[in-house]
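> Just the structure for this:
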Amino acid sequence: MTLEEFQNDIRQGIPDKLPAAKPYDKQINHAPKRKEILTPEEEVLALKNALRYFPEKHHAVLAKEFAEELHKYGRIYMYRFRPDYPMYARPIEEYPARCKQAAAIMLMIQNNLDEAVAQHPHELITYGGNGAVFQNWAQYRLTMKYLSEMTENQTLVMYSGHPMGLFPSHPEAPRVVVTNGMVIPNYSKPDDWERFNALGVSQYGQMTAGSYMYIGPQGIVHGTTITVMNAARKRYHDGRTDSRGMLFVSSGLGGMSGAQPKAGVISGVVSVIAEINPKAAQKRYDQGWVDELHTSLDELIPRIRKAVEAKEVVSMAYVGNVVDLWERLAEEDIRVDLGSDQTSLHNPWAGGYYPVGLTYEASNKMMVDEPVRFRECVQESLRRQIDAINKLTAKGMYFFDYGNAFLLESSRAGAAVTGKDGKFRYPSYVQDIMGPMFFDYGFGPFRWVCTSGKPEDLALTDRLAAEVLEEIRKTAPDDIKGQLDDNIHWIREAGRNHLVVGSQARILYADSEGRIKIAQAFNEAVKDGRLSAPVVLGRDHHDVSGTDSPYRETSNIYDGSNRTADMAIQNVIGDSFRGATWVSIHNGGGVGWGEVINGGFGMVVDGTPEADRRIRQMLLWDVNNGIARRSWARNKGAYDAIRREMQRTPELKVTLPNYADEDLIRKTLQTK
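As a prediction, this is how the structure comes out:
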C-alpha cells in the first residue's frame, strides 16, 4: 500500500462500500471467547447498537455477520472493517492531519494496536486481557477520520471507544477528551462490564490502553526494575551488597507483565517467569525480553539450581502453569529470594488467570461453557498457589503483591493469605517500596515518544534526560539522592538494554522538577532542530497523582481516604486546562473494574513558547497534586517534598497537616 493509499484509507473513515470479509488469522494471539451474558432482548439491542454505524443498505449482510460474531466470540468486533494496511506507529509526517497534535494522537493509537505491541490486536485489546483501545473496528476508523479532519479549534470527545464527535473549542483546550468505563457506581461489578461491553456501550480501558499511551512492556520495566532492585536490597544481610545469585519467581509474560524477565536481568538476579500461553512466551523470547524458554519442570529445576549457584544474570520462561512451578519449588526445597505474581487477576473469570490442572485451550473453553465450574477451578488454584507461596516465605522468601488483585482475589477464594488482624500477610509493592520511596517524593513513570520514529532522536532524548538528572543530583537533598542515582543509571543504560518495542519511546522515573526540566530540554531541542520532530510526553496512570486504588497506588495512604477518588478526578480536570493535548479518565485498570479510578494525559512538545508554558504549568500540577494529597495523609516523605516544592514555587500554597499525639487521643477516648 502506498502512502497516498494509506492516507486516503484514513480519511474515508467507515467505507461506503463493504470491504471483503477478513479470514480469522490463527497466527495472531486472540482474546478468549467472552461470557454469554445477554438476554435475547439484549442481543437485539447489541445488534441495533452495532448497526447504527452503517447505512441501512448494509444491514442485511452485517446483521447476520455481527450476530455470528456475538455468538461465537461474545462480542461484536467487526473484523471485516479491520484495515488492510500494516498497523504500527509511522513517522508523524505520514499521517493525514490538519494539525500536528492530531497526527501525534493517530501515531499513538496505531502503536497501541501494533501486532508487536498489543496482546490481542485484532480484538483491539492492548494488554491485561481486556484493556481495549476501542470496542470495534468501526470506532477505530471513525476516530482516525475525525483526527484527520481536526483543527486546533476542535476537541474530539471519546465515550469508551466511541467517537461522539468533534466539538468547537480553542487552541488551549485538549484536542481529545477520553472516558472509559464511567458507569454509575452501583453498576460497576465485573458482570456489569461484561454486559455493557457486549452491548457495545462501555469498555475497560485498563490504564494506557484506552488512553493511547502504551509503549509496550518497556512501559512498566523501569518500575518493575526498581521494585525488584529494592526488594533485593531488603534481602541484603551479613555483608551482602549485591543481588547476584538471588532467585526471583513470578508469572505473566502477556502484556505489561512481559517486563519482568528484562527487569530481572537489569537487576542482576536469576528470574523465572511462568506463562501459560505459548504464543505470549514465544513473542517475548523472539523480542529478546526473555533469555530462555522451558516447557519441562524436570529440565527447568536443575537449570535454576545451576544458574543460582553460578550467580548468572539470566531470565527463564516456564511455559506452563505457575502453580505447578510454585509447588515444585516448594517440594524441591529450592531457596527463592523474591516472589510476586502478575497474572491479570483483575479479570479472573475471562482469561486473566488460568487454573492449574487445565490446559490453556481447555480453560478457554470452560470459562465460556461452564463458567461456574471455571470459577471454582480458579479459586482452588489460587488456594494451592498461596499454600506453596506460604511454604517458601516461611523459609525466607520476600513476597510482594504487584497490584493486579492477586491477594484480593486469593482472599476471596478463601486462601490462607490474611493474618490474625485480617490484613494481608504480604505487602503490596506500593506499600513497601513504590509508595514510601518514590510516589511520596513525586517520582513516577514519566515517558515520552519521538514522533519522528528515528532511533537517533530517542538516543538524544536519553542523553538530554541524563544530563538534566545529573545536574539536579548536584544539589539534591539526601532523601532523594538514591532515587536519582538509580534513575540516572537506568537512563544511561537504556539504549544498551534494547527496550524499544513499537514506537521510539522511553520510560524514566522522575519527580516534578526532573519532568519539567527534561521536557523543557526536549522542547528546546525540537526548536533548534537537534530533534527532528515533536515529542509526545505522557506517563503511566500508575503514578503519584493519577490513580486512586486502595490495593495498589494509594495502598500506602493510611488516613482512611485510600478508597476515595478525588485525587484522580481532580488530576484529569487540572491537566485539561493547564495544557494537556489529550486527557483520559477510566474506571478500572490494574486491579479491576470497580476497584480503581485512574487517569492520564498526553502532551505534544513542538518547540514553541506555548509548549514551554504548558510544560511548566501542567507537569507541576500533575505531580504535586498527588504529593499534596499524600502529605495531607501524613506521609512523611510527601510532607517534606511538598514543602520543598513550595519553596521553589512561591505561587504554590498547600494545606499542611498538624500531627496529633496518638497517646493523647487514645487516653481521651478511654475517659468517655
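> Now I386: which helix or strand?
Assessed by DSSP states H and E, I386 sits inside helix 371-393.
> That helix - contacts with which helices or strands?
Applying 3 or more Cβ pairs under 8 Å, 6 or more residues apart in numbering; DSSP states H and E, one finds that helix 371-393 contacts helix 322-331, strand 338-339, helix 360-369, strand 398-399, helix 406-412. Just so you know, the C-beta spots here come from the backbone N, C-alpha and C atoms, and that holds for glycine as well.
> thought Y426 was touching L408?
No - using Cβ atoms under 8 Å, Y426 makes no contact with L408, being 11.7 Å away.
> Now mean neighbour count and mean pLDDT too, for the helices and strands packed on helix 371-393, in a markdown table please.
Shown next, in a markdown table, are the helices and strands packed on helix 371-393 (neighbours: other Cβ atoms under 10 Å; pLDDT from 0 to 100):
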| stretch | mean neighbour count | mean pLDDT |
| --- | --- | --- |
| helix 322-331 | 21 | 97 |
| strand 338-339 | 23 | 95 |
| helix 360-369 | 17 | 92 |
| strand 398-399 | 21 | 94 |
| helix 406-412 | 23 | 91 |
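> Test my guess that G165 contacts V157.
Yes - with contact defined as Cβ under 8 Å, G165 counts as touching V157 (6.3 Å).
> of these two, who's got more company?
Taking other Cβ atoms under 10 Å, G165 and V157 do not tie; V157 has more neighbours (17 against 13).
> coming back round to it: for P550, which of the helices and strands packed on helix 371-393 is the nearest?
In terms of Cβ to Cβ, the element of the helices and strands packed on helix 371-393 nearest to P550 is helix 406-412, at 9.6 Å.
> would you turn the helices and strands packed on helix 371-393 into JSON lines with distance to I488?
Converted to JSON lines, the helices and strands packed on helix 371-393 look like this (distance: least, Cβ to Cβ, whole Å):
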{"stretch": "helix 322-331", "distance to I488": "34"}
{"stretch": "strand 338-339", "distance to I488": "24"}
{"stretch": "helix 360-369", "distance to I488": "42"}
{"stretch": "strand 398-399", "distance to I488": "26"}
{"stretch": "helix 406-412", "distance to I488": "32"}
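> Might you report the residue contacts of the residue nearest to M158 when sequence neighbours are not counted?
Excluding the flanking residues, the one nearest M158 by Cβ to Cβ, 6 or more residues apart in numbering is V178, at 4.4 Å. Applying Cβ atoms under 8 Å, 6 or more residues apart in numbering to V178 gives the contacts 158, 205, 210-212, 582-585.
> how about a markdown table for those residues, with secondary structure and distance to P348 added?
Formatted as a markdown table, these follow (DSSP: H, G, I helix; E, B strand; the rest coil; distance: Cβ to Cβ, whole Å):
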| residue | secondary structure | distance to P348 |
| --- | --- | --- |
| M158 | strand | 28 |
| G205 | coil | 19 |
| G210 | coil | 20 |
| S211 | coil | 24 |
| Y212 | coil | 27 |
| W582 | strand | 31 |
| V583 | strand | 30 |
| S584 | strand | 25 |
| I585 | strand | 25 |
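> out of those, which is most surrounded?
When neighbours are counted by other Cβ under 10 Å, G205 leads the contacts of V178 with 34 neighbours.
> so how far is G600 from that one?
10 Å (Cβ to Cβ, to the nearest Å).
> any common contacting residues for those two?
Joint contacts of G205 and G600 (Cβ under 8 Å, 6+ apart) are 211, 584.
> which stretches of the stretch 401-550 of the chain form helices?
Shown for the stretch 401-550 of the chain, the helices assigned by DSSP state H, counting those that start in this stretch span residues 406-412, 429, 435-437, 455-473, 478-493, 512-527.
> Quick one: mean pLDDT for the third one?
So the one you mean is helix 435-437. Mean pLDDT, helix 435-437: 85.
> ok, now the fourth one?
Per-residue pLDDT over helix 455-473 has a mean of 97.
> and if you look at the last one?
The pLDDT scores in helix 512-527 average 98.
> Which elements pack onto it?
strand 444-450, helix 455-473, strand 535-539, strand 597-605, helix 609-632.
> list the buried ones in the fourth one?
Spelled out, it's strand 597-605. 597-605 (16 or more other Cβ atoms under 10 Å).
> distance between that strand and the chain's centre?
Strand 597-605 has its average C-alpha position 13 Å from the chain's average C-alpha position, going by Cα atoms, centre = their mean, to the nearest Å.
> tell me the angle that strand makes with strand 444-450.
40 degrees (axes from the mean of the first three to the mean of the last three Cα atoms, to 10 degrees).
> which other residues reach the helix or strand bottoming out on mean pLDDT in the chain?
In the chain, no helix or strand scores lower on mean pLDDT, DSSP states H and E than helix 429, which sits at a mean of 82. Contacts with helix 429, where a contact means Cβ under 8 Å, 6+ apart, come from 227, 231, 340, 400-403.
> repeat that for 7 Å
Helix 429 is touched from outside by 227, 400-403, with contacts defined as Cβ atoms under 7 Å, 6 or more residues apart in numbering.
> And the residue nearest to K481 when sequence neighbours are not counted, how far from W448?
The shortest distance from K481 to any non-neighbouring residue, by Cβ to Cβ, 6+ apart, is to R473 (6.7 Å). Distance of R473 to W448, given as Cβ to Cβ: 20 Å.
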